[in-house]
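> okay, structure incoming, though there's no sequence with it:
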């Protein structure tokens, strides 16, 4: 004998499964290991190039990692910015106060790990150090950890959210 409650439960279950499937964010079949590696490598090359401190306009190079429009969330040094303009002001302030005073700086990536979530999103967690000389020609190193959420927008990988934390001063 068929019960109405069984029919309602079956219908509700079907709706929930369909809704969950539609909201899962899946943008196609699962990625192969080769596709995941290619995406991670593409993002890695982009980040390493943007942090080449020998480029003439370091701030513009670093800002190339972010979308030209839309929201960008960045948390660092106990604060957070929510717009590209605020983020650029923070990066420019850092470069004007600290970066320009570094003599012979070298950006060194000590680790870079990627989780490719889909064909259009990935997360990078990296650690870095920047050995340099102070204006008094004393050896000095700054560094930290950085987690960045990348999204594929208009054919390029850009950071939409990030968190940076400085290494403790020795």
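Yep, that arrived. All of these numbers come straight from a predicted model, not from anything done at the bench. Residues are numbered from 1 along each chain as shown.

> show me the residue at the heart of this structure, geometrically.
The centroid of the chain falls nearest to residue 148 when counting by C-alpha atoms, centre = their mean (2.0 Å).

> and it, its phi and psi?
Here is the backbone geometry of residue 148 (degrees, to the nearest 10): phi -130, psi 140.

> just want to check the distance between it and residue 138.
31 Å (C-beta to C-beta, to the nearest Å). Where you see a C-beta, it was placed from the backbone N, CA and C, and this is true even at glycine.

> can you check residue 131 too?
Taken as C-beta to C-beta, the span from residue 131 to residue 138 is 12 Å.

> mind listing the strands for the chain?
With DSSP state E as the criterion, the chain has strands at 73-76, 79-81, 108-118, 121-133, 139-153, 156-166.

> ok, the closest residue to the residue nearest to the centre of the chain other than its chain neighbours - how many residues close by?
The shortest distance from residue 148 to any non-neighbouring residue, by C-beta to C-beta, 6 or more residues apart in numbering, is to residue 162 (4.2 Å). Using other C-beta atoms under 10 Å, residue 162 has 21 other residues around it.

> check contacts around residue 162.
Counting by C-beta atoms under 8 Å, 6 or more residues apart in numbering, residue 162 touches 73, 74, 75, 76, 146, 147, 148, 149.

> likewise residue 75?
Listed by C-beta under 8 Å, 6+ apart, the contact set of residue 75 reads 162, 163, 164.

> and what of residue 77?
With contact set as C-beta under 8 Å, 6+ apart, residue 77 has these partners: 164, 166.

> distance of it from residue 165?
Distance, residue 77 to residue 165, using C-beta to C-beta: 8 Å.
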